[in-house]
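>>> predicted structure and sequence below. I'll ask about it afterward.
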Amino acid sequence: MFGRITVALAICCVMSCYATVANAVTRHSGASCHATQVPVSIPAVGRARIYGELCVPEGAGGRARTVQLLVHGGTYDHNYFDWPQDPGRYSYVDKALKAGYPTFNVDRLGDGESSRPPGVSDTFENGAEAMHQVIAKLRDGGVGGRPFSRVVWVGHSMGSLTAWFEAHKYHDVDAFVLTGALHNVNLTFATKLANLLGPAIVDDKFRGKILDPGYLTSLPGTRGDTFYYRPGVDQAVIDEDERLKQTISVPELAQITAVELPPLVTLTRSITVPTLLVMGDHDGAFCGPPVGHDCTPASILAAEKPYYRPEARLRVVVARNSGHDLQLHRSAPEADAAITQWLDGLS
């Protein structure tokens with residue numbers, strides 16, 4: 001599987017143990033890509049590791065000092081931002097590298113190649129603490145021996161919600177690109193999500209690998225009608241998504257509604273750096289009846305502005321013909337280009 005750690009890397013769990021990811025090198029021929037396990041220490045968890053793939057474009061200019069930290073959503077891993085199918089269309093890593101930006105594409109705590117703590121400990125707070133330590137290491141050269149002066153958090157769905165928690169406590173990110181996350185969850189989607197999840201311990205993919213009932217995954221054949229806008233996606237992508245699916249913890253699922261606080265006390269009021277919201281125009285998690293947004297840039301901006309400080313200089317991009325997983329729809333290149341244009345315009 002793409003991104004699997006070599007045996008040597010799995011044995012050596014220190015920052016200096018650094019291995020080349022052959023598939024990433026093949027996919028991103030104009031960049032230097034490596035995998036690493038970043039050691040973190042979380043009070044409620046103990047010692048853990050965050051898996052990530054650092055890619056730096058060859059001959060990069062001024063943008064090479066800015067790294068994009070890519071943080072996927074629930075039931076996904078790093079493959080979401082570096083999709084193995086048709087990377088020229090679906091891989092965000094590919095677009096960022098071609099624009100001259102390094103990327104550090106991670107597996108969140110509890111997912112993929114990162115440490116999987118007891119499900120009860122896999123909370124947004126602990127995930128944010130882990131990412132805070134990753135950010136510190138990105139800045140001081142602890143990831144690949146290359147220090148970065150600016151860190152841009154690019155999150156999707158629960159990866160965006162993790163950013164809310166991280167920003168609320170640490171204020172160590174220079175800009176946020178938050179995709180697939182607004183301050184209301186459509187009741188229809190919430191019901192659908194609850195019905196499509198089951199214990200990972202009884203799923204064929206994870207049977208014998210996950211023994212903790214605190215982790216859930218999607219039931220077979222349910223992802224297409226939940227995370228996608230069917231007219232805007234290829235069935236082959238949905239099929240690959242079913243194969244690559246990951247987990248979500250019970251505490252994370254419970255915390256989704258807890259973050260829906262009134263505007264003046266919401267976590268995002270702590271964000272004081274430029275922030276871009278990117279949504280699909282048919283994102284069933286937040287758009288449409290009975291209580292979702294009319295997902296246009298103007299309506300989203302009007303609804304979300306009260307949840308952010310003026311310093312966030314909030315901007316909104318809406319991807320056409322796209323559902324919740326906007327990176328995996330055919331219109332992904334347009335959304336990715338809009339993100340790059342926004343990042344290029346930051347002072």
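Yep, that arrived.

>>> quick one: residues contacting Tyr76.
In this structure, Tyr76 makes contact with 111, 156, 244-246, judged by C-beta atoms under 8 Å, 6 or more residues apart in numbering. To be clear about C-beta, it is placed using only N, CA and C from the backbone, and glycine gets the same treatment.

>>> turn those into CSV, including secondary structure and neighbour count.
Below are those laid out as CSV (DSSP: H, G, I helix; E, B strand; the rest coil; neighbours: other C-beta atoms under 10 Å):
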residue, secondary structure, neighbour count
Asp111, coil, 27
His156, strand, 27
Leu244, helix, 18
Lys245, coil, 20
Gln246, coil, 24
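
>>> make TSV out of those residues and add pLDDT and distance to Arg150.
Formatted as TSV, the entries for the contacts of Tyr76 read as follows, by pLDDT from 0 to 100; distance: C-beta to C-beta, whole Å:
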residue	pLDDT	distance to Arg150
Asp111	96	26
His156	98	20
Leu244	97	30
Lys245	98	33
Gln246	97	29
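
>>> wait, which of those is closest to Asn195?
Of all the contacts of Tyr76, Lys245 has the smallest distance to Asn195: 16.0 Å, by C-beta to C-beta.

>>> report pLDDT for the residue nearest to the spatial centre of the chain.
If you average the C-alpha coordinates of the chain and look for the closest C-alpha using C-alpha atoms, centre = their mean, you land on His72, 2.1 Å from that point. At His72, the model reports a pLDDT of 98.

>>> what of Leu264?
Predicted confidence (pLDDT) for Leu264: 84.

>>> for it, give me phi and psi.
When read as degrees, to the nearest 10, the backbone of Leu264 gives phi -70, psi -10.

>>> spatially nearest residue to it (excluding sequence neighbours)?
Pro306 (7.9 Å; C-beta to C-beta, 6 or more residues apart in numbering).

>>> how close does that neighbour get to Cys55?
Separation of Pro306 from Cys55 (C-beta to C-beta, to the nearest Å): 37 Å.

>>> so between those two, which is more surrounded?
Cys55 (27 against 13; other C-beta atoms under 10 Å).

>>> mind checking what secondary structure the more buried one has?
Per DSSP: H, G, I helix; E, B strand; the rest coil, the secondary structure class of Cys55 is strand.

>>> how close does it get to Asp86?
Separation of Cys55 from Asp86 (C-beta to C-beta) stands at 18 Å.

>>> then Leu109?
Applying C-beta to C-beta to Leu109 and Asp86 gives a distance of 29 Å.

>>> can you show me the strands along the stretch 51-200 of the chain?
Along the stretch 51-200 of the chain, counting by DSSP state E, counting those that start in this stretch, strands occupy 66-71, 103-106, 150-156, 175-179, 197-199.

>>> may I have the helix or strand just after the shortest one as CSV, with CA atoms only?
Secondary structure here is assigned by DSSP states H and E; on that basis, the next helix or strand after strand 197-199 toward the C-terminus is strand 215-218. Once non-C-alpha atoms are left out, strand 215-218 reads as follows in CSV (Å, rounded to 0.1, in the frame of the first residue of the first chain):
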residue,chain,number,x,y,z
TYR,A,215,-13.0,2.7,16.9
LEU,A,216,-15.7,2.7,14.2
THR,A,217,-15.6,2.5,10.4
SER,A,218,-18.1,2.8,7.6
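
>>> in its sheet, what does strand 215-218 sit against?
Using DSSP bridges, strand 215-218 pairs in its sheet with strand 197-199 (antiparallel), strand 248-249 (antiparallel).

>>> least confident secondary structure element in the chain?
None of the helices or strands of the chain scores lower by mean pLDDT, DSSP states H and E than helix 7-11, at a mean of 30.

>>> for Val71, what are its contacts?
Under the criterion of C-beta under 8 Å, 6+ apart, the contact partners of Val71 comprise 106, 108, 131, 153-156, 159-160, 162-163.

>>> between those residues, which sits nearest Gly100?
Each of those was checked against Gly100 using C-beta to C-beta; the closest is Val154, at 15.2 Å.

>>> for that closest one, which residues make a bridge with it?
Leu70, Val177.

>>> pLDDT at Ala19, what is it?
38.

>>> one more: the one 4 residues further on?
pLDDT, the model's per-residue confidence, is 58 for Asn23.

>>> could you do Met15 as well?
Met15 carries a pLDDT value of 34.

>>> give me the mean pLDDT for stretch 157-164.
Across stretch 157-164, pLDDT averages out at 96.

>>> got the contact list for that stretch?
Contacts of stretch 157-164 (C-beta under 8 Å, 6+ apart): 70-74, 108, 124, 127-128, 131, 153, 155, 173, 176, 178-181, 248, 252, 255-256, 259, 266-268, 271, 285, 324.

>>> can you report phi and psi for the residue nearest to Tyr228 when sequence neighbours are not counted?
If the residues on either side of it in the chain are set aside, Tyr228 comes closest to Gly323, at 4.4 Å by C-beta to C-beta, 6+ apart. The phi and psi torsions at Gly323 (degrees, to the nearest 10) take the values phi -100, psi -150.

>>> swap in Gly112?
Backbone phi and psi, for Gly112 under degrees, to the nearest 10, turn out to be phi 60, psi -130.
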